[in-house]
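1. Here's a sequence, model it:
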Amino acid sequence: MTEYVTGQNYGWNGGECPVHPDTKVKIWTRAVLVCSGVDTDAGLCAWEHKQDGMDIVCFQVITAYAEPKTIWVNEDESGEGTAYTSEKEAKLGKHTFHKRVAVKYVEVKE
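-> Here you go, the predicted structure:
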């Protein structure tokens, strides 16, 4: 997926949604500004062109969506552990001293 600079306007010729559906956007259509403000998710806008006044012709990223970070941990009895980037890696790194294997931790957004 292409990286779009926050606050910069981009022309749009139709097609699939160019950003993550949870990205906040402002859009302009042939007729009028329709979806705007920080509460508008890109996934709620109609990105495909139908050759009418509602076709999106320009958009701006207000807040880009960032996937939360996920780690997988093999924990020993003391609660200490070894972190991995995937469940598969954690399971491959399992040792007999691990009490819990492939525990998923996901970053919490504030």
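2. How about residue 12: what's its closest non-neighbour residue?
-> Distances taken as CB to CB, 6 or more residues apart in numbering place residue 56 nearest to residue 12, at 4.9 Å, with adjacent residues excluded. Just so you know, the C-beta spots here come from the backbone N, C-alpha and C atoms, and that holds for glycine as well.
3. give me the beta-bridge partners of that neighbour?
-> The partner list for residue 56 in beta bridges (DSSP bridges) reads residue 29.
4. The chain: helices as residue ranges?
-> 87-92 (DSSP state H).
5. Run through it and note the low-pLDDT ranges.
-> 1, 33-39, 109-110 (pLDDT under 70).
6. ok so, going back, what residues are up against the residue nearest to residue 12?
-> The contact partners of residue 56, taken as CB atoms under 8 Å, 6 or more residues apart in numbering, are 12, 14, 27, 28, 29, 45, 46, 47, 49.
7. Check residue 99 too.
-> Contact analysis of residue 99 by CB under 8 Å, 6+ apart lists 75, 76, 77.
8. Who are the contact partners of residue 74?
-> 81, 82, 84, 90, 93, 94, 95, 98, 100, 101, 102, 103.
9. hmm, 7 Å instead?
-> 81, 82, 90, 93, 94, 98, 101, 102 (CB atoms under 7 Å, 6 or more residues apart in numbering).
10. ok, now residue 14?
-> Counting by CB under 7 Å, 6+ apart, residue 14 has contacts 47, 48, 49, 55.
11. can you rerun that using 6 Å?
-> 48, 49 (CB atoms under 6 Å, 6 or more residues apart in numbering).
12. For it, which phi and psi angles does the backbone take?
-> Backbone torsions of residue 14, given as degrees, to the nearest 10, read phi 100, psi 160.
13. mind listing the strands for the protein?
-> Using DSSP state E, the strands of the chain run over 9-11, 24-29, 56-63, 70-76, 81-84, 98-106.
14. how about a markdown table for those, with distance to residue 18 added?
-> Listed next are the strands of the chain as a markdown table, based on distance: least, CB to CB, whole Å:
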| stretch | distance to residue 18 |
| --- | --- |
| strand 9-11 | 8 |
| strand 24-29 | 9 |
| strand 56-63 | 7 |
| strand 70-76 | 25 |
| strand 81-84 | 32 |
| strand 98-106 | 26 |
